[in-house]
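K.L.:
What follows is a predicted structure for the sequence shown.
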Amino acid sequence: MRISLLISLLLFFYLSISSSAIDKIHCVYTISDNYQIPDTSSTFSQWNKTNNLFIDGGFIRNQSLWCYIKINDYQSNDILVVDNNQIDSLSVIFEDRVINTYGDKTNSTNLAYGLICIPITKEQAQKGFFLKVKKENSFLKFGLSIQVSDEIQKKSKNEGMLFFLQTGAYLILCIGIAIILLIKKNLFYILFVCSVLFGWSYVAISLGVFQNDLFGNCMYYSEIRFLCVIFWFFFLMSFLQHLLSVKKFFPRINALLNKIALSLPVFFLILAFGFFKEFPSAIKLAMLSIYLTIVLTAFVFFYLCIQYIILKNEKRKIAVFFILPHIIWVVLTILSESLSISPFFHSLSFSWLNSYDAIFFGIVIFEDYYTSAKRNIQTAQALNKERKILSRVSETAQLKERRNFANLLHDKFSSQLAHLGILAELNRIEDVKTELKNLAGEMRSFSHHILPKSIDDGALISVLNEHMHWLNNQNIGITYTVKTFDVPENINPEIAMLVYLITLELIANAQKHGKASRVDSEIFGYIENLSIHFYDNGSGFNKENQRDGFGLTQIKNRIKALNGTFEIHSELGTGTEILIEIPINHL
């Protein structure tokens, strides 16, 4: 921003003090609807260069502005420069003959970008010649000066190099944003690309690049230029509206901006009607309406930016760096009018402003993409780390379950199998048969205790009731209860398995750590989730000083993997309460 501002200021002072000999020009002018050359003795007014460096013709759609010009102290390399390249047509007439024609609605080319350069001869300078100037669809204002042809060509070459350098930068920027658009699928970036393209098109037409180098036969550059600046403004404002999240922070102002945007097509229809029907009043009304709409939108965004700054909103930096250069540009433009700086300054200053907008918002977009990509990478790394932790937890859990299973087999069945061996050696066949029958029953009961077969059918309620009945028959001094509310007899087997394993783990924790005498479980069935409430009257614990054990960590990881919630409430001496929510639709 500082570089752009510095260049704009230097450009302003450069154009302010640039040497152009206007004292050599003697000019009188008039406005006439006649196609023939008017009489210079009666209808022409003297151009007062002391009070106004510009010839102001106003809005003259069906008329022409005629200038009669003589050049004093003529030099062979003198060029008459009209510092407004936004004229429909400018005809050079000498001795009742059209020497050359320039302007948007002609096929002519110019020696310099942004200016109309008219070569003149000594005879023309001494005898005098006419300029017939027409501009149909907007206000006519231009200045005249005498400049040296070599200096003009040098300046034009530098301006052309700068323009094509900007074009290359715009192209790279648009390609980069197009790639981001394809990756992020964020369509509002298209608004920014459109604003850059329309701004570039306006500058290219104003400098005469299209007419001199590309499409010389086009006769509608005045209309295209006008549309380009309108579309540039509203695409940029729409992009800024999304970038500043106006809908989120200022919904009423967002609604106002949307209504303003919807009014534009109406004004364009009126403008098109005026063009095709040759109705100047309709054209004036449409253009005035469009200008007022632009002014209103600009004031709304100025107010928004001030509000973002005052409220210290998170978007205030964008607001500050957007509003300051545009205020400076408006001030410099007003000063250029009051100080009678060349109209060519407007095209160049707009070029710098458009470049600033493109660079600044391009940086904002790339920074947003970089931040988003960095955040996604960090999230992916965190998820990968969590998967590794879960994998290690799962492996540890399997190892623990295998060890427990091996201990149970050893403690419960190894002695009975040894006893069977002794009975077989003693040839006590009947006793062996009896023991085998008892052992088969115990193994069946044991396997059913480890993982009931009916759980595969989703019979959660019956499995839990059987398990609680079995626990209560162990006579270990703990009472177990389970209550279900609106839970079907048969549910999703995956949910049933999960709830069963969670219940076993919570009961084991209460037995081992809580020293509880009563453990209650309640399961509530809802449309979208399953709610589990678990209570025990044990000793409880201090959550701040207590780290989660292996079993509790495993439960939390299982629930988290299903986008569920896990809450635990406990204090020393008050027991433990655990609340679990498992979304059913996720499964």
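P.N.:
Perfect, thanks for sending it.
K.L.:
where in the stretch 51-200 of the chain is pLDDT low?
P.N.:
Within the stretch 51-200 of the chain, the segments meeting pLDDT under 70 span 51-53, 61, 137.
K.L.:
ranges for the helices of it?
P.N.:
If DSSP state H, counting those that start in this stretch is used as the criterion, the helices of the stretch 51-200 of the chain fall at 122-127, 149-184, 189-207.
K.L.:
right, and the ones you listed - which one's nearest Ala561?
P.N.:
Ala561 sits nearest to helix 149-184 of all the helices of the stretch 51-200 of the chain, at 28.0 Å, using C-beta to C-beta. (C-beta placed from N, C-alpha, C; glycine too.)
K.L.:
domain ranges for the protein?
P.N.:
Following automatic domain parsing, one finds the domains of the chain at 20-153, 158-371, 452-587.
K.L.:
now those domains as CSV including mean neighbour count?
P.N.:
Formatted as CSV, the domains of the chain follow (neighbours: other C-beta atoms under 10 Å):
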stretch, mean neighbour count
domain 20-153, 17
domain 158-371, 17
domain 452-587, 16
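K.L.:
want to throw the ones you listed into a markdown table with distance to Glu430?
P.N.:
As requested, the domains of the chain are exported to a markdown table (distance: least, C-beta to C-beta, whole Å):
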| stretch | distance to Glu430 |
| --- | --- |
| domain 20-153 | 117 |
| domain 158-371 | 79 |
| domain 452-587 | 30 |
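K.L.:
Quick check: which of those domains is nearest to Leu426?
P.N.:
When these are ranked by proximity to Leu426, the top entry is domain 452-587, at 33.5 Å, counting by C-beta to C-beta.
K.L.:
Give me the mean pLDDT for that closest one.
P.N.:
The pLDDT scores in domain 452-587 average 78.
K.L.:
Equivalent analysis for stretch 370-385, please.
P.N.:
Averaged over stretch 370-385, pLDDT sits at 81.
K.L.:
Provide the contact partners of it at residue level.
P.N.:
Contact with stretch 370-385 is made by Lys184, as judged by C-beta atoms under 8 Å, 6 or more residues apart in numbering.
K.L.:
so where's the stretch 301-450 of the chain uncertain?
P.N.:
Per-residue confidence for the stretch 301-450 of the chain (pLDDT under 70) gives these ranges: 330-349, 386, 389-419, 423, 441-450.
K.L.:
The domains of the chain: which one's closest to Arg387?
P.N.:
Among these, domain 452-587 comes nearest to Arg387, with 10.0 Å by C-beta to C-beta.
K.L.:
Any idea how far the closest one is from the middle of the chain?
P.N.:
Offset of domain 452-587 from its chain centre (C-alpha atoms, centre = their mean, to the nearest Å): 46 Å.
K.L.:
re earlier: adding distance to Leu304 as columns, could you present the helices of the stretch 51-200 of the chain in a markdown table?
P.N.:
Converted to a markdown table, the helices of the stretch 51-200 of the chain look like this (distance: least, C-beta to C-beta, whole Å):
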| stretch | distance to Leu304 |
| --- | --- |
| helix 122-127 | 55 |
| helix 149-184 | 24 |
| helix 189-207 | 17 |
